[in-house]
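S.K.: Provide a 3D model corresponding to the input given below.
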Amino acid sequence: NSIFNLSGRVDGLKRAMLGRGNIGFNGKIVADTINFNQILKAVNGGIAYMGRSQTYKDSLAGEISEDAVEQFMSSTAQASESALIVLPGNLNAVVGLDVKYGVYSNIVLHKIGSSVTLKERCLKISDFDALTDAGSMSMSAFYATRSKNDISTGFDLELKDVLVEKFIKATPAIDSLLPM
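M.R.: The predicted structure follows:
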């Protein structure tokens, strides 16, 4: 399970709601534990939900039981594990990340630190540092979605003190890291 605290400042909400500006966010995520697999599952479930008909959304909204919602999220997340994420064009955010323990795919991460910036439909991860059982890692990455047909991504990964056998077992396929 993910246990984290997000704090920060939101600016421009009124202007953005009126269609006259962007929402700004400057904050920090401090966490004991983050399960990135759960977060990606929720994002993919939300993307699948947005693609459903209004009738289906209304029927799901009328459910009293959270079990029905959980069942929907589980079934759609499995069906759309690598859904395309189009970043919002009206959000400018800078978020610091300080996490003691995290899990992504089958990789266990310790002492995660990073800065994440979102601006003009581009997500930039800077100074990502973490310790794993396979060695320590540093990474910078970007993911840009000008439209569904104009996608760019890239990353620079530096590994130190690598145990090659553990690294090969822990590394997911590139398409699970960066869905397209």
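S.K.: on the three-state scheme, R52 is what?
M.R.: Recorded secondary structure, R52: coil (DSSP: H, G, I helix; E, B strand; the rest coil).
S.K.: ramachandran angles for it?
M.R.: phi -80, psi 160 (degrees, to the nearest 10).
S.K.: cool, and the one 4 residues further on?
M.R.: For Y56, the backbone dihedrals are phi -60, psi -40 (criterion: degrees, to the nearest 10).
S.K.: neighbours of it, just the number please.
M.R.: A total of 12 residues lie near Y56 under the criterion other Cβ atoms under 10 Å. Any C-beta I mention is one placed from the backbone N, CA and C, and that applies to glycine too.
S.K.: tell me how many other residues crowd S115.
M.R.: By the measure other Cβ under 10 Å, the count of residues near S115 is 15.
S.K.: Y49 now?
M.R.: The criterion is other Cβ under 10 Å. On that basis, Y49 has 15 neighbouring residues.
S.K.: now do L87
M.R.: Based on other Cβ under 10 Å, the number of other residues close to L87 is 15.
S.K.: need the pLDDT of the residue nearest the centre of the chain.
M.R.: Among the residues of the chain, L40 comes closest to the average C-alpha position under Cα atoms, centre = their mean, at 5.8 Å. Per-residue confidence for L40 comes out at a pLDDT of 82.
S.K.: tell me what I151 is bridged to.
M.R.: Note on I151: beta-bridge partners T145, judged by DSSP bridges.
S.K.: return the residues in contact with it.
M.R.: Listed by Cβ atoms under 8 Å, 6 or more residues apart in numbering, the contact partners of I151 are 84, 143-145, 180.
S.K.: SS state for R15?
M.R.: Three-state call for R15 (three-state DSSP): helix.
S.K.: dihedrals phi and psi, the closest residue to it other than its chain neighbours?
M.R.: Beyond its immediate neighbours in the sequence, the residue positioned closest to R15 (Cβ to Cβ, 6 or more residues apart in numbering) is G21, lying 3.4 Å away. The phi and psi values for G21, taken as degrees, to the nearest 10, are phi 180, psi -180.
S.K.: G21 against G89, yeah?
M.R.: No - counting by Cβ atoms under 8 Å, G21 does not reach G89; the two are 11.7 Å apart.
S.K.: overlap in contacts of these two?
M.R.: Common neighbours of G21 and G89 (criterion: Cβ under 8 Å, 6+ apart): none identified.
S.K.: so I151 versus E120, what's the distance?
M.R.: The span separating I151 from E120 equals 14 Å under the rule Cβ to Cβ, to the nearest Å.
S.K.: Q54 now?
M.R.: Using Cβ to Cβ, Q54 is found at 30 Å from E120.
S.K.: the more surrounded of those two?
M.R.: Neighbours per residue, other Cβ under 10 Å: of Q54 and E120, the larger number sits with E120, 12 against 7.
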